[in-house]
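>>> model the following, please.
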Amino acid sequence: MTFTFKHFSELTTTELYNILKLRAEIFVVEQDCVYNDLDELDKDAIHQFLEKDGQIIAYSRLLKPGTRFNDYSVGRVVVKESERGTGLGIRMMEEAKTYILKTWKPGKIKISAQKYLRKFYEDLGFKVVTNEYLEDGIPHYGMLFENQAD
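Numbering: from 1, shown residues only. Next up, the predicted model:
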């Protein structure tokens, strides 16, 4: 299985629908969080996703500086519940970092990570750079990955 990377304008309507469906399943229904998922940032993003049997099972969006943060960033990271525990999330984040570093060549990647995922992201080389804060009612940390090649 290979991850797909597409700019918003390259997504098919079916891909966009399936991306939004997965994000709603996880962020709105599973996490019981009411928030505005359609925040205008999708239009400027590179969308990373993996399909299996016609469904998107893993997704993230990659953003350039000045879009959400001053650094490059990865957000809206989700893995379908049935696919968790398989290493898919680790593989997706590693490929997201590789894409950003090879395509855009930044030195830093910033994320807003849910508190319960702190160790997951630390194991991927991210470091906590903020105090805990609430985002959409859920505890988060700002975390930063610094490319050691810089």
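
>>> point out where the protein drops to low pLDDT.
35-36, 149-150 (pLDDT under 70).

>>> try it again with 50
Low-confidence segments of the chain, defined by pLDDT under 50: 150.

>>> endpoints of stretch 118-131, how far apart?
12 Å (Cα to Cα, to the nearest Å).

>>> what comes into contact with stretch 81-101?
Contacts with stretch 81-101, where a contact means Cβ atoms under 8 Å, 6 or more residues apart in numbering, come from 3, 5, 25-26, 30, 46, 48, 50, 52, 57-58, 60, 62, 72, 74, 77, 79, 106, 109, 120-121, 123-125, 145, 147. For the C-beta atoms, the positions are set from N, CA and C on the backbone; glycine is no exception.

>>> next, the distance between the ends of it.
Start-to-end, stretch 81-101 (Cα to Cα) is 28 Å.

>>> for it, buried residues please.
83, 88-89, 92-93, 95-97, 99-101 (16 or more other Cβ atoms under 10 Å).

>>> and what of stretch 56-67?
56-64, 67.

>>> list the buried ones in stretch 103-120?
Result for stretch 103-120 [16+ other Cβ under 10 Å]: buried residues 106, 108-114, 117-118.

>>> okay, and which of these map to strands?
If you go by DSSP state E, those have 108-114 in strands.

>>> export these to TSV and append columns for distance to Thr130.
Below are those laid out as TSV (distance: Cβ to Cβ, whole Å):
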residue	distance to Thr130
Lys108	14
Ile109	15
Lys110	10
Ile111	11
Ser112	9
Ala113	10
Gln114	13
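
>>> quick one: Leu117 from Met93, how far?
Using Cβ to Cβ, to the nearest Å, one obtains 10 Å as the distance from Leu117 to Met93.

>>> cool, Lys6 as well?
18 Å.

>>> please apply the same query to Arg76.
Arg76 sits 12 Å away from Met93, taking Cβ to Cβ as the criterion.

>>> again with Leu62
Look at Leu62 and Met93: by Cβ to Cβ, they are 11 Å apart.

>>> and for Glu81?
For Glu81, the distance to Met93 - Cβ to Cβ - is 18 Å.
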